[in-house]
Structure formats: C-alpha cells, structure tokens
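Chemist: sequence? don't have it. structure:
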C-alpha cells in the first residue's frame with residue numbers, strides 16, 4: 001500500500017519557507033511563540049540539524065552531540081568552508097585576493113581541526129572525511145557518500161554508520177583533551 005506524502009498545513013496568511021531551505025535540514029515551526037527583534041509576537045520556523053535528529057532518534061548520545069557541535073564550532077572558527085559574499089564597496093587595486101591572510105585565531109583552530117582529523121585516521125579515512133564534510137562543511141550524508149568520499153566507495157546506506165562511529169571517536173578524543181574547551 002502506497003501512502004501519500006502530504007505537505008504540512010500552514011495558516012492561510014503565513015508564507016512558508018522556500019523549498020531550498022529544507023534541502024539539508026528539516027524545517028519545523030517552533031512549538032511556542034517568541035518575541036521577534038521588534039518585540040512583536042513571532043512563530044518562527046527553525047531547522048532541526050542532523051545531530052539533533054540523530055539524537056532524538058536515539059542513534060547518538062549527548063556526548064556525541066556535544067562533540068559534533070564543538071567540532072562544527074571549531075571548524076567555523078578556523079574559517080574552513082565559509083561562503084562569503086564579495087564586498088560591493090571594495091575597489092580592486094592589485095591582482096591578489098584581499099583579506100585572504102589567515103588570522104592567528106583561525107590558524108590555531110585549523111591546527112586543532114587537523115589534530116582531530118589526524119586522530120581519526122587522516123583526511124583519507126572515512127570517519128575524518130565524513131566529519132570534515134558533513135559536520136564541518138554541513139554537506140548531506142548522501143552527497144558525502146556519493147560525491148566527496150572517493151577513496152573507497154561507501155553506499156548512502158552505510159554513511160550514517162560511518163558518521164555515528166566518527167562521532168563516537170570524536171567524543172572520546174575530546175574527553176581526552178578536555179582542558180582545550182576554555183579556548184572555545
């Protein structure tokens with residue numbers, strides 16, 4: 001028996017988020033109203049991240065979620081994979097990329113990311129590659145399995161297992177190196 005998939009019903013005067021917003025993460029309405037930036041009542045849409053979904057389904061532990069969130073934060077602070085818009089007020093003077101110098105803080109976090117990836121077997125190992133692309137760069141597991149990890153093919157059905165194993169190892173790694181949390 002084939003079941004029909006229906007879209008969630010929204011209030012008639014409510015403009016739902018565009019479909020592109022839901023390509024990577026699930027979009028849901030917040031279960032309570034909050035004040036918006038002007039102090040008015042708002043009922044916002046929120047994204048449910050991959051880590052939150054896996055935790056809610058009982059696939060990963062609190063420690064693994066915390067480790068994944070920490071890795072993502074350090075990845076962002078390392079300025080890896082950020083998408084940035086060009087400054088429209090900038091006048092190009094030389095034939096080099098302005099603002100491309102790495103700050104000492106970003107270099108510090110890049111070294112920490114590299115240490116994590118090395119501890120998980122290096123960038124060619126499935127757990128390290130999965131963490132880098134899925135948790136750090138926020139790509140989908142399916143895209144990682146089909147396009148990014150090309151050293152040895154992993155099916156999209158095996159990818160969640162690789163991520164769960166990587167998060168377990170990441171949690172153990174961060175437990176061993178606990179004093180570094182003061183930097184974050």
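Modeler: Now that the structure is in, tell me what you want to look at. Just so we're clear, the structure is a prediction, and the values are computed from it rather than from any experiment.
Chemist: mind listing the helices for the chain?
Modeler: Applying DSSP state H to the chain gives helices spanning 50-56, 62-77, 104-119, 126-130, 141-143, 159-176.
Chemist: in the last one, what counts as buried?
Modeler: What that stands for is helix 159-176. Neighbour-count burial for helix 159-176, counted by 16 or more other CB atoms under 10 Å, picks out 159, 160, 162, 163, 164, 166, 167, 168, 169, 170, 171, 174. Bear in mind the C-beta positions are built from the backbone N, C-alpha and C, glycine included.
Chemist: Can you list the low-confidence ranges for the protein?
Modeler: Within the chain, the set of residues satisfying pLDDT under 70 comprises 1-14, 21-25, 82-100, 150, 178-184.
Chemist: let's see it at 50
Modeler: Residues of the chain meeting the criterion pLDDT under 50: 181-182, 184.
Chemist: The residue nearest to residue 165 when sequence neighbours are not counted: what's it in contact with?
Modeler: With sequence-adjacent residues excluded and distances taken as CB to CB, 6 or more residues apart in numbering, residue 165 is closest to residue 127, at 5.9 Å. Residue 127 is in contact with 120, 121, 162, 165, 166, 169, counting by CB atoms under 8 Å, 6 or more residues apart in numbering.
Chemist: Kindly report the same for residue 35.
Modeler: By CB under 8 Å, 6+ apart, the residues touching residue 35 are 41, 42.
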